[in-house]
Each structure stands twice: as C-alpha cells, then as structure tokens.
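J.: Here you go, sequence then predicted model.
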Amino acid sequence: MPEPSANALFTSVASANVASADILDRFRQGDLDAFESLFREHQRPVYGWILRMVRNTAVADDLTVETFWRIYRAHARFQPAHPFAPWARTIATRVALDWLRAQRPAGEQDSEVADLAAPPAADPGIAAEIRRKTAQALARLPPRLRIAAVLALVEEQPHSEIAAALGISVGAVKLRVFRAVRLLRKDLERQGITP
C-alpha cells in the first residue's frame, strides 16, 4: 500500500479543520446538533479537569453537566476562531471554583479528599492520620489557592494550562501555589506534623 503524499495528509487535516470550524460556527449560532457534537467530543476531558479540582467523582459528574449547561447558555459569546477546549476548561474551572466556595467547613469534607499521597510511614495508622490531616489542611485553603495547589502539586498540570483555565498569568499561578504551600505548612505544623 503506497504512503499518502504530504499534500494528501495536508488536505485531510484541512478538511477536518473545516468540519471543526463549521461545527464551531453552528454552535455559536445556537445549533443544538453542533452543541451535542462538542459535548460528545469534550465531555471526558472536561470531567477529568473538574475531577482534578474537586476530587470527588459524583460531584465531578454534576459539575460537568453544569459546565455544559453554562457553555450552551454562553454559545453566542464563543469566538469560533479560537479553540473550544481552553474555553470549555475555563468555564469548568469557574464552575468548580463556585462549588468549592459554597462547600461546608473544612472539617466536614468528604473522605475522597483524603486520597492525597502521603510519604510512607512505618505505621499504616500514622500514614492514614497524616493523609487525613493533610486533606483537612488542603480543604481549609481558600478555594482559589486550593485549585491552584491541587492542579499544580497533586495533578502536576503545567502552570501555563492552569493559568489559562483560571484566567490569570503564570506568575499569578506560581504565587498562588507558593501561598498555598506556605499555608499548608503552617496548618500541618499546628496539627503536630512537620512537613
């Protein structure tokens, strides 16, 4: 079977971009079929992004639905010349941040937050206690610092991607992560844990 020529590859990529551009244009005009197509294509990445921030699968499911509801309502503000994924990720970040701000006090957080990694300890009970206290300290952070810390430190997302999703500069992301780490250390020291 002969190799496709560079021109044939370029033509197929260009036609795929035209189809994408057409879907984005139709979405901007409020076409429900175009929205459904974008939903099918972007649902998993948006869900994954939200899950990284809220650390709870059931909540991530609900917030994904809320995100796409907001995306649909904002269809007229979408600029088809720009990629859809970063725009959707920005909306998802705002939805997650709204949810985090509305949560009950940190001491009552769900146990799924306790799945954060902790350094190995000789005693599994001590390791579990360190994970629990770390999760509580993380949950007590202000939501804007918590999101930056979780995405940068736990999920190891690039600062540029976090900055784009939060609508801030890379320097601001670094500052938020720095402040979050400083507050986490202070909180853990108050709880008798030396980070």
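T.: That came through fine. Numbers count the residues shown, from 1 in each chain.

J.: Could you say which helix or strand holds the residue nearest the centre of the chain?
T.: Closest to where the C-alpha atoms of the chain average out (CA atoms, centre = their mean) is Trp49, at 3.2 Å. Counting by DSSP states H and E, the element that carries Trp49 is helix 32-54.

J.: swap in Ala149?
T.: Counting by DSSP H and E, the element that carries Ala149 is helix 143-149.

J.: Of all the residues in the helix holding Trp49, which ones are buried?
T.: 34-35, 37-39, 42, 46-47, 49-54 (16 or more other CB atoms under 10 Å). For the C-beta atoms, the positions are set from N, CA and C on the backbone; glycine is no exception.

J.: Tell me the buried residues in the helix holding Ala149?
T.: Under 16+ other CB under 10 Å, the buried positions of helix 143-149 are 143-149.

J.: care to break this structure down by domain?
T.: Each structural domain of the chain that the record assigns through automatic domain parsing is listed here as a residue range: 1-102, 107-195.

J.: Need these in TSV (columns: mean pLDDT).
T.: Below are the domains of the chain laid out as TSV (pLDDT from 0 to 100):
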stretch	mean pLDDT
domain 1-102	83
domain 107-195	80
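
J.: before we move on, back to that, can you list contacts of the following helix or strand past the helix holding Ala149?
T.: Next along the chain after helix 143-149, taking DSSP H and E as the criterion, comes helix 159-166. Outside of helix 159-166, the residues that reach it under the criterion CB atoms under 8 Å, 6 or more residues apart in numbering are 49, 86, 89-90, 92-93, 144, 147-148, 151-152, 169-170, 172-174, 177.
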